[in-house]
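Q: Got a predicted structure here, sequence first:
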Amino acid sequence: MDAADTATSVPEYAVAPSRKRRDLLELSVGYALILAVIWTPRPWQRLLYYTAAAFLAAVLWLAFEGWPAMGLRTANLSRSIWIAGVALAMAAVAVFVAQRLHTLQPTAGLIPFLQRYWGYALWAFAQQVLLQDFFLPRLLRLMRGSGTAALTAAAIFSLAHLPSPILTVVTLVWGYAACLLFLRYRNLYPLALAHAILGIAIAVTVPGPVVRNMRVGLGYLTYATHRGPHSSH
């Protein structure tokens, strides 16, 4: 076991009260900013987005203990890559079912597919960094038991996807599983890859009007099936 394996497993009684207060403040401000971005209309949304990104980046940088501690390492990659394999198998089943139900939304070739979804893959990676490196470590220090911390992190992650019923349920299940798997393997790469696979699978197999093009918050509420050229959020 190396430093990366023990970085977020400090016993609750060993955490100083000042560290707990700081964790609670960082969690509260960070999550409030994330929710503000999700629920604020443009043009204020862009300003809040940059504010939230700057705050979260600063907090992560100040708490930086090395890339391995963040799960950005090769250790345990071969042991945990099965996670992405399971996600790929689930995506294949979803595609098969969507073909039968005539809800599949394929792209015309590999290049158009990559052009359409590379941005989402990066966003999936960023979300896993937030879940595993911002929320989970702080909750581990604030709560008794890794299972409770993992479930709380998943709930926080899930509530940020309201009011989308599909994404809220999916992210609750995935968030909890991802936290437990991270605590076991301490490797972020397979989790980010699995997140990207599952998210893209939902996008191509569930009709846009049903999942409202993967929108959450205010964007979900303002989504319209028949949108004019100026109604996109």
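A: Done, it's in.
Q: Give me the pLDDT value at the residue most central in space within the chain.
A: Nearest residue to the geometric centre of the chain (C-alpha atoms, centre = their mean): Gln127, 3.3 Å. The score at Gln127 is 98. That number is its pLDDT.
Q: do Ala108 as well
A: pLDDT for Ala108: 83.
Q: give me the number of residues near it?
A: Residues near Ala108, counting by other C-beta atoms under 10 Å, number 7. Heads up, the C-betas are built off the backbone N, CA and C, glycines and all.
Q: Can you classify it as helix, strand or coil?
A: Using DSSP: H, G, I helix; E, B strand; the rest coil, the structure places Ala108 in coil.
Q: Provide the backbone phi and psi angles at it.
A: The phi/psi pair for Ala108 (degrees, to the nearest 10) reads phi -80, psi 70.
Q: got the contact list for the residue nearest to the centre of the chain?
A: Neighbour list for Gln127: 157, 195 [criterion: C-beta atoms under 8 Å, 6 or more residues apart in numbering].
Q: Could you rerun that using 7 Å?
A: Residues near Gln127 by C-beta atoms under 7 Å, 6 or more residues apart in numbering: His195.
Q: mind checking pLDDT for the closest residue in space to Val97 that isn't next to it in sequence?
A: Counting by C-beta to C-beta, 6 or more residues apart in numbering, Val97 lies nearest to Thr205, which is 7.2 Å off, once chain neighbours are set aside. Listed pLDDT for Thr205 reads 96.
Q: residues near Thr205, how many?
A: Residues lying near Thr205 (other C-beta under 10 Å) number 21.
Q: Give me the distance between Trp82 and Ala192.
A: The gap separating Trp82 from Ala192 is 15 Å, by C-beta to C-beta, to the nearest Å.
Q: Between those two, which has more neighbouring residues?
A: Legend: neighbour count by other C-beta under 10 Å for Trp82 and Ala192, higher for Ala192 (23 against 13).
Q: In contact with that one, which residues are there?
A: 124-125, 128.
Q: And it, which helix or strand is it part of?
A: Taking DSSP states H and E as the criterion, Ala192 maps to helix 189-205.
Q: and if you look at Ala155?
A: Counting by DSSP H and E, the element that carries Ala155 is helix 146-159.
Q: contacting residues around that helix?
A: Helix 146-159 has contacts (C-beta under 7 Å, 6+ apart) with 31, 131, 135-136, 139-140, 143, 168, 171-172, 175-176, 179-180, 183.
Q: now the helices for the chain?
A: Ranges of helices in the chain, per DSSP state H, are 3-6, 17-39, 44-62, 77-80, 82-101, 110-129, 136-142, 146-159, 165-185, 189-205, 208-211, 217-222.
Q: hmm, back to that, doesn't Ala92 make contact with the residue nearest to Val97?
A: No. In this structure, Thr205 is not within contact of Ala92 by C-beta atoms under 7 Å, at 10.5 Å.
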